[in-house]
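Asker: Turn this into a model:
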Amino acid sequence: MDRDLTLGAGKVALERETGRVLKAREAHLANAPMPRIVDAIDGAVARWLDPGHALRRQAEDELPGVTGYSPEMVREGLPLLLRPFRREGLLELLRSEFGGALEPSAESEGGRSRIPRAPRLITHILSGNIPAVGPETMIRALLLRSTSLVKTSSADPLFPRLFAQSLAEADPAIGESIAVMTWKGGGQEMERQAFAASDAVVLYGSDEAIAALRILAPPGIPCVEHGSRISFAAIGREALTPRGLRDLARQTAWDISFFDQQGCVSPHAIFVEAGGECSPLEFAQALAIEMAALEARLPRGRLSPGAAGAIQQVRSAWEMRQAAGQSVALLASEGSTAWTVLYEEGGVLAPTCLNRVVRVIGLAALEELPPTIGTLGRWLQTAGVAVAPQRLGELAMALSAAGVTRICPIGQMQHPPASWLHDGRHPLRDLVLWTETEAPTPPGGQAPR
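Answerer: Next up, the predicted model:
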């Protein structure tokens, strides 16, 4: 849909697209064998892993202008975002969600049976920070045999359309069950109409935007929210060795810099334990070297004047702290705002201004970590860790209690598997409703009142 359509024309187009995809679902998707659906998704993703495919070339040509990401980041990053959704990743997602089965099926327990009811239609409201958001949520819907209305973000109206087109190329019949549309947000009339026709809603965006949309969803339908989140990394003293320092810094720089720190899995702070062969400050210095190297290979995208000004402000604040004799250090790109490493001894987790700005916080012991992150409990998401195996269990328990929903090795923060519990939720099962049938009361049992 063109963004300059009037509201009336947009509502007519939305009604038409809703009817179209629901008919396509009944004709093609509702009874499609799961292997065929998996093949269609795998075939679409395979197109994005082919450097010569026309859709990938179009994305590489046009996405930098649309999103602001550098051409180098788009060229290298898109395949990495989509690779988890190849066939094996999809099968693992299905098995993990449905107890080894490849789709939701009737269950029995304690004399009761449960029949699953997946949504016929899911409306997805996308954010535009990371290109993977649209494909991920479309794929999840298809694995439930649910058709989709996808409302793109004004920050990226292109890539969701291109991915939907790749699905249609891989299997035209199944591809018909997705409608990707764009309309001006904020008025809520279009969202209200889309939600009224839906059996489930998936919302991406800021907490404020999601709160305004949530109240428009019909009561009783699943409403899955992916709002504001913050991630971080933690490094134990045993990982700080001269031999491993460069590689650890390189992996951390990747987690920070991938798609310019815009994703919910991007770390805002790196907590580094003192007492290793290398100090937390030496780690920060090694990280700065690797941030510079990565900037040379995958340049950061363009910034608005406001975003560039925010980086300059935080740098100035650190320079003032240095001048005041505080235990801080500013390590930053010269002549640009391309990357910034802010070192300090002690400190709590807080959002940075992003765009490759990260704090390195020295701690006397990782046991000090939970209090430094605890105030952000419901916003916490991924923690990248580099600790000895014998310390991981206790650390994981403490991070879980603080609110973290995903723990992974540093270097893997940006690449969760297709089966990850996104924000601690089951990506498929939480969209399914169940009809429960109770067994008859046995003779002698309690009679109904």
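Asker: Which elements pack onto the helix or strand hosting residue 74?
Answerer: Residue 74 is located in helix 71-82, with elements delineated by DSSP states H and E. Here helix 71-82 is seen to pack against helix 34-48, helix 54-67 when contacts are counted using 3 or more CB pairs under 8 Å, 6 or more residues apart in numbering; DSSP states H and E. Every C-beta, even on glycine, is put in place using the N, C-alpha and C of the backbone.
Asker: List just the one of those that sits closest to residue 374.
Answerer: Of all these, helix 54-67 sits nearest to residue 374, with 34.3 Å by CB to CB.
Asker: Please point out which parts of that closest one sit buried.
Answerer: Within helix 54-67, the residues that qualify as buried by neighbour count (16 or more other CB atoms under 10 Å) are 55-56, 59-60, 63-64, 66-67.
Asker: tell me the angle of that helix relative to helix 34-48?
Answerer: Orientation note: helix 54-67 sits at an angle of 70 degrees relative to helix 34-48 (axes from the mean of the first three to the mean of the last three CA atoms, to 10 degrees).
Asker: where exactly do the helices run in the stretch 51-200 of the chain?
Answerer: Assignment of helices within the stretch 51-200 of the chain using DSSP state H, counting those that start in this stretch yields the ranges 54-67, 71-82, 87-97, 133-143, 159-170, 172-175, 189-196.
Asker: CA atoms only: put the longest one into PDB for me.
Answerer: Backbone C-alpha positions of helix 54-67 (Å, rounded to 0.1, in the frame of the first residue of the first chain) are rendered in PDB as follows:
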ATOM      1  CA  ALA A  54      17.900 -10.600  -7.700                       C
ATOM      2  CA  LEU A  55      16.100  -9.900  -4.400                       C
ATOM      3  CA  ARG A  56      19.300  -9.800  -2.400                       C
ATOM      4  CA  ARG A  57      20.900  -7.500  -5.000                       C
ATOM      5  CA  GLN A  58      17.900  -5.200  -4.800                       C
ATOM      6  CA  ALA A  59      18.100  -5.100  -1.000                       C
ATOM      7  CA  GLU A  60      21.900  -4.400  -1.100                       C
ATOM      8  CA  ASP A  61      21.300  -1.600  -3.600                       C
ATOM      9  CA  GLU A  62      18.200   0.000  -1.800                       C
ATOM     10  CA  LEU A  63      18.300  -0.800   1.900                       C
ATOM     11  CA  PRO A  64      21.300   1.500   2.700                       C
ATOM     12  CA  GLY A  65      19.300   4.500   1.400                       C
ATOM     13  CA  VAL A  66      16.200   3.400   3.200                       C
ATOM     14  CA  THR A  67      17.600   2.500   6.600                       C
END
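Asker: circling back: now render the buried residues of helix 54-67 as TSV, adding distance to residue 369 and pLDDT.
Answerer: Converted to TSV, the buried residues of helix 54-67 look like this (distance: CB to CB, whole Å; pLDDT from 0 to 100):
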residue	distance to residue 369	pLDDT
55	43	98
56	41	98
59	39	98
60	40	98
63	37	98
64	38	98
66	39	96
67	34	96
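Asker: State the pLDDT value of residue 114.
Answerer: According to the prediction, residue 114 has pLDDT 89.
Asker: Do I have it right that it meets residue 104?
Answerer: No: look at residue 114 against residue 104 with CB atoms under 8 Å: they stay out of range, at 9.6 Å.
Asker: Between the two, which is the more surrounded one?
Answerer: Neighbours were tallied for residue 114 and for residue 104 using other CB atoms under 10 Å; the higher tally belongs to residue 104 (23 against 15).
Asker: Can you give me every residue that contacts the closest residue in space to that one that isn't next to it in sequence?
Answerer: Once its chain neighbours are removed from consideration, residue 104 has its nearest residue in residue 116; the separation is 3.6 Å (CB to CB, 6 or more residues apart in numbering). Listed by CB atoms under 8 Å, 6 or more residues apart in numbering, the contact partners of residue 116 are 104-107, 432-434.
Asker: what's across from residue 116 in the sheet?
Answerer: Here residue 116 sits in beta bridges with residue 434, as judged by DSSP bridges.
Asker: Could you list the buried residues of stretch 304-321?
Answerer: Residues 307, 310-311, 314-315, 318, 321 are the ones in stretch 304-321 that count as buried (16+ other CB under 10 Å).
Asker: Let's have the residues you listed in JSON lines, adding pLDDT.
Answerer: Supplementary listing: these in JSON lines, determined by pLDDT from 0 to 100:
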{"residue": "307", "pLDDT": "97"}
{"residue": "310", "pLDDT": "98"}
{"residue": "311", "pLDDT": "98"}
{"residue": "314", "pLDDT": "98"}
{"residue": "315", "pLDDT": "98"}
{"residue": "318", "pLDDT": "98"}
{"residue": "321", "pLDDT": "97"}
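Asker: quick one: which of the residues you listed sit in helices?
Answerer: When DSSP state H is applied, the buried residues of stretch 304-321 are split such that 307, 310-311, 314-315, 318, 321 fall in helices.
Asker: any idea which of the residues you listed is closest to residue 222?
Answerer: Out of those, the member with the shortest distance to residue 222 (by CB to CB) is residue 307, at 35.1 Å.
Asker: Nearest residue to that closest one in space, ignoring adjacent ones along the chain?
Answerer: The shortest distance from residue 307 to any residue that is not its chain neighbour, by CB to CB, 6+ apart, is 5.9 Å, and that residue is residue 355.
Asker: part of a helix, is the one you found?
Answerer: No: Residue 355 sits outside any helix when classified using DSSP: H, G, I helix; E, B strand; the rest coil, being coil.
Asker: can you pull the pLDDT of the closest residue to residue 28 other than its chain neighbours?
Answerer: Leaving aside its sequence neighbours, residue 28 sits nearest to residue 173 (CB to CB, 6+ apart; 3.9 Å). You'll see residue 173 listed with a pLDDT of 96.
Asker: if I look at residue 173, how far off is residue 250?
Answerer: Separation of residue 173 from residue 250 (CB to CB, to the nearest Å) stands at 45 Å.
Asker: Neighbour count for the two, which is higher?
Answerer: Taking residue 173 and residue 250 together and counting by other CB under 10 Å, residue 250 has the greater number of neighbours (18 against 14).
Asker: Isn't that one up against residue 290?
Answerer: Yes: under the criterion of CB under 8 Å, residue 250 makes contact with residue 290 at 4.7 Å.
Asker: closest to residue 302 among the buried residues of helix 54-67?
Answerer: Out of the buried residues of helix 54-67, the one with the shortest distance to residue 302 is residue 64. That distance is 8.6 Å, counting by CB to CB.
Asker: so who does the closest one touch?
Answerer: If you count contacts by CB under 8 Å, 6+ apart, residue 64 has them with 70-71, 74, 301.
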